[in-house]
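Chemist: Need the 3D shape of this:
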Amino acid sequence: MNEQRKSYRTMINTIALYSNGSYDVRDMWNMTLPHIEEIQDVIVDKNKKESDATKAASGRTTKTF
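Modeler: Down below sits the predicted model:
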């Protein structure tokens, strides 16, 4: 039970940290666990896409005329 609470707190704090202020900790305590997991999955997916885009663009050079 204690591990579940710790995991829940960790998810909430992570979302609050990486959502750029979109989600407040107090508001997330009123959300259901599936909702919080969904938000966390979206943030992870967004970060992966940004990382992939950065890696794909890093090999390109731009020419100015």
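Chemist: Show me where this protein dips below the pLDDT cut-off.
Modeler: 60-65 (pLDDT under 70).
Chemist: same thing but 80
Modeler: Along the chain, the model assigns pLDDT under 80 to residues 59-65.
Chemist: where do the helices sit along it?
Modeler: Assigned by DSSP state H, the helices in the chain fall at 2-18, 25-28, 33-58.
Chemist: Dump the ones you listed to JSON lines, plus mean neighbour count.
Modeler: C-betas here are computed from N, CA, C, even on glycine. Converted to JSON lines, the helices of the chain look like this (neighbours: other C-beta atoms under 10 Å):
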{"stretch": "helix 2-18", "mean neighbour count": "13"}
{"stretch": "helix 25-28", "mean neighbour count": "12"}
{"stretch": "helix 33-58", "mean neighbour count": "11"}
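Chemist: ok now stretch 8-16, how far from the chain's centre?
Modeler: Mean-position distance between stretch 8-16 and its chain equals 10 Å (C-alpha atoms, centre = their mean, to the nearest Å).
Chemist: which ones are touching the residue nearest the centre of the chain?
Modeler: The centroid of the chain falls nearest to residue 43 when counting by C-alpha atoms, centre = their mean (2.8 Å). Neighbouring residues of residue 43 by C-beta atoms under 8 Å, 6 or more residues apart in numbering: 15, 18-19.
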